[in-house]
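Participant: Mind folding the following:
(one chain, ligands or ions: 3)
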Amino acid sequence: MAPNPNPPQEFAALFAKIDELKPKFIERLQEAVAIPSVSGDESLRPEVVRTAHFLKEELEKLGAKDIELRELGTQPPPVANKDLQLPPIVLSRFGNDPNKKTVLVYGHYDVQPALKEDGWSTDPFTLTQVGDVLYGRGSSDDKGPVIGWLNAIQAHNELGLELPVNLVTCFEGMEESGSLGLDQLIAQEAQAYFKGVDAVTISDNYWLGTTKPVLTYGLRGVNYYEISVKGPAADLHSGLFGGIVAEPMTDLVKLLATLVETNGKINIKGIEEQIAPLTAAEDALYDDIEFDVEVLNQATGSQTALYKTKKEILQHRWRYPSLSVHGIEGAFYEAGAKTVIPAHVKGKFSIRTVPNISSEKLTLLVKQHIDSEFAKLGSPNTATVELIHDGDYWVSDPHNSQFTAASLATEAVWGIKPDLTREGGSIPITLTFEKELKTDVLLLPLGRGDDGAHSTNEKIDVSNYIEGVKTLSAYLHYYSKA
Ligand SMILES: NCC(=O)N[C@@H](Cc1c[nH]cn1)C(=O)O
Ligand SMILES: [Zn+2]
Ligand SMILES: [Zn+2]
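Facilitator: Residues are numbered from 1 along each chain as shown. Ligands and ions are numbered 1, 2, ... in the order given. Below is the predicted model:
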């Protein structure tokens, strides 16, 4: 999609400045991507913390006030190092004018794991430009958008243009690992650091496809579980013990296989009854959304789609639950043919939740399911299932003043009205902001649907990154007048 060739005159200087600063903006993202801030890898925790310091320094240079790296204490179990500190929340403020509205911008500076050998064409932690595309872990999820806010501030500074709103930043380093500690901080700061916040804006999701911008008013929730199966006291030789002891891996794969069918049907009893019924009005909303089914195949690089029509695909992504099996800890996985019987294995799976599935009830149903399926195996091993983290689904009104401002901003930059979409992914903190600050939340994505978040060769297109900075900037101006 080409940017609007005739943006409104009021943004001419600002947009020209953003274009001029493009090399600097790419350099800033390069510095951020170079830090492997993988929150799920305990050994990389110092790198996550280093990213918080990097952001602090950048915010200082941009003139932020009240910058704080707010500590959240130690990471709760399950964790190998019980003294592991959670990464800090980066708080800062630009402006404190009582006559202006205050917008809190949230994003995360941690990333998913990435190894070159997973199939990356370039080093995941070296932002690499190939043509008009920037490849690197976090380029789209979520360092690109976080740095995008900083870029918008820099463009204003260099033009000597006052920000039209007061801006508060809240950048976290544990989003990819359950946003541990952030709920409490938001509750604690609702009437302190975050007092007076009128609106929360989150850029941590994606366009539906590759051509049309969207604004997002719904997310699925996520409940992440771990099944632990324990047997022998230590790993065993399968030649000496195979056939004469009960093997934890055999039990675990059988349990995992009971959870979900190849066609996506979840086998846990009691979930389906909780799903909000699809009304004719909701069903009709899907008719007007621009989505090419082929884009799904392109995004997965395969012909593995379970559904054929746009409506089925989008409804199963946005308004129905799904269960994904992610991996097994403790199992042999390297190349070669090690003849081991693993003594203790942990199977990881998650369930994306939708209205009206409650997290507590779901965990009860999951436990009942695993207990009853394990009993059927008659195994002398032990099996337990534990909720690792959860985050609620979220659905909002897509016609409030924030959405209107973001729609105008999108039109100013891209020359087209955005589609209003929901999303299959989760940003657990969205609902917490809404409840604790009693404000509306807007999801304003910069990247495209094929950015490969959480996957190999994650990327952001240069145009999405740069036009995204313009969109964030224009949004602040429109919202200030709303
Ligand atoms: N861009 C949002 C995102 O990727 N969110 C994660 C959140 C999560 C929950 N547990 C682990 N990560 C997602 O998977 O949806
Ligand atoms: Zn994200
Ligand atoms: Zn993510």
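Participant: Other residues contacting the host helix or strand of residue 250?
Facilitator: Counting by DSSP states H and E, the element that carries residue 250 is helix 248-259. For helix 248-259, the surrounding residues in contact (C-beta atoms under 8 Å, 6 or more residues apart in numbering) are 227, 229-232, 266-268, 323, 325, 328, 331, 341-345, 347, 349, 369-370, 373-374, 377, 379, 381, 383. Any C-beta I mention is one placed from the backbone N, CA and C, and that applies to glycine too.
Participant: Pull out the buried members of those residues.
Facilitator: Among those, the ones that count as buried by 16 or more other C-beta atoms under 10 Å are 227, 229-232, 266, 268, 323, 328, 331, 341-345, 347, 349, 369-370, 373-374, 377, 379, 381, 383.
Participant: Am I right that residue 186 sits in a strand?
Facilitator: No. Applying DSSP: H, G, I helix; E, B strand; the rest coil, one finds residue 186 to be helix, outside a strand.
Participant: where does it land on pLDDT?
Facilitator: What the model reports as pLDDT for residue 186 is 98.
Participant: I figured it hits residue 428, correct?
Facilitator: No. Assessed by C-beta atoms under 8 Å, residue 186 is found out of contact with residue 428, at 11.3 Å.
Participant: Counting neighbours, go ahead and name the busier of the two.
Facilitator: Applying other C-beta atoms under 10 Å to residue 186 and residue 428 shows that residue 186 carries more neighbours, namely 23 against 20.
Participant: Identify the residues contacting that one.
Facilitator: With C-beta under 8 Å, 6+ apart, residue 186 has these contacts: 170, 194, 429, 432-433, 436-437.
Participant: So which of those belong to helices?
Facilitator: Within these, residues falling in helices by DSSP state H are 429, 432-433, 436-437.
Participant: would you turn those residues into TSV with neighbour count and pLDDT?
Facilitator: Listed next are the ones in helices among the contacts of residue 186 as TSV, based on neighbours: other C-beta atoms under 10 Å; pLDDT from 0 to 100:
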residue	neighbour count	pLDDT
429	28	93
432	23	95
433	27	97
436	20	98
437	22	98
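Participant: out of these, which one sits closest to residue 141?
Facilitator: Nearest to residue 141 among the ones in helices among the contacts of residue 186 is residue 429, at 14.7 Å by C-beta to C-beta.
Participant: in the sheet, who's paired with the closest residue to residue 44 other than its chain neighbours?
Facilitator: Leaving aside its chain neighbours, residue 44 sits nearest to residue 38 (4.6 Å; criterion: C-beta to C-beta, 6 or more residues apart in numbering). Legend: beta-bridge partners of residue 38 under DSSP bridges are residue 111.
Participant: for residue 38, what are its contacts?
Facilitator: Residue 38 sits next to 44, 47-48, 110-114, 176 when contact means C-beta under 8 Å, 6+ apart.
Participant: do residue 5 as well
Facilitator: Applying C-beta under 8 Å, 6+ apart to residue 5 gives the contacts residue 415.
Participant: Check what pLDDT the nearest residue to residue 440 once chain neighbours are set aside gets.
Facilitator: Excluding its sequence neighbours, the residue lying closest to residue 440 (C-beta to C-beta, 6+ apart) is residue 400, at 5.0 Å. pLDDT for residue 400: 94.
Participant: Hmm, residue 434 and residue 400 touching each other?
Facilitator: No. Applying C-beta under 8 Å as the test, residue 400 and residue 434 come out as separate, 11.5 Å apart.
Participant: Report the set of residues contacting both of those two.
Facilitator: In contact with both residue 400 and residue 434: residue 440, using C-beta under 8 Å, 6+ apart.
Participant: Contact residues of the stretch 51-200 of the chain facing ligand 1?
Facilitator: Contact residues (C-beta under 6 Å from any ligand atom) of the stretch 51-200 of the chain with ligand 1: 141-142, 176, 178.
Participant: can I get these in a markdown table with neighbour count and secondary structure?
Facilitator: Shown next, in a markdown table, are these (neighbours: other C-beta atoms under 10 Å; DSSP: H, G, I helix; E, B strand; the rest coil):
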| residue | neighbour count | secondary structure |
| --- | --- | --- |
| 141 | 27 | coil |
| 142 | 28 | coil |
| 176 | 21 | helix |
| 178 | 21 | coil |
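Participant: closest to residue 288 among these?
Facilitator: residue 141 (27.2 Å).
Participant: so the closest residue in space to residue 114 that isn't next to it in sequence, which of the three states?
Facilitator: In this structure, residue 114 finds its nearest non-sequential neighbour in residue 124, 3.6 Å apart by C-beta to C-beta, 6+ apart. Following three-state DSSP, we place residue 124 in the coil state.
Participant: circling back: closest to residue 14 out of the residues of the stretch 51-200 of the chain next to ligand 1?
Facilitator: Nearest to residue 14 among those: residue 142, at 23.6 Å, using C-beta to C-beta.
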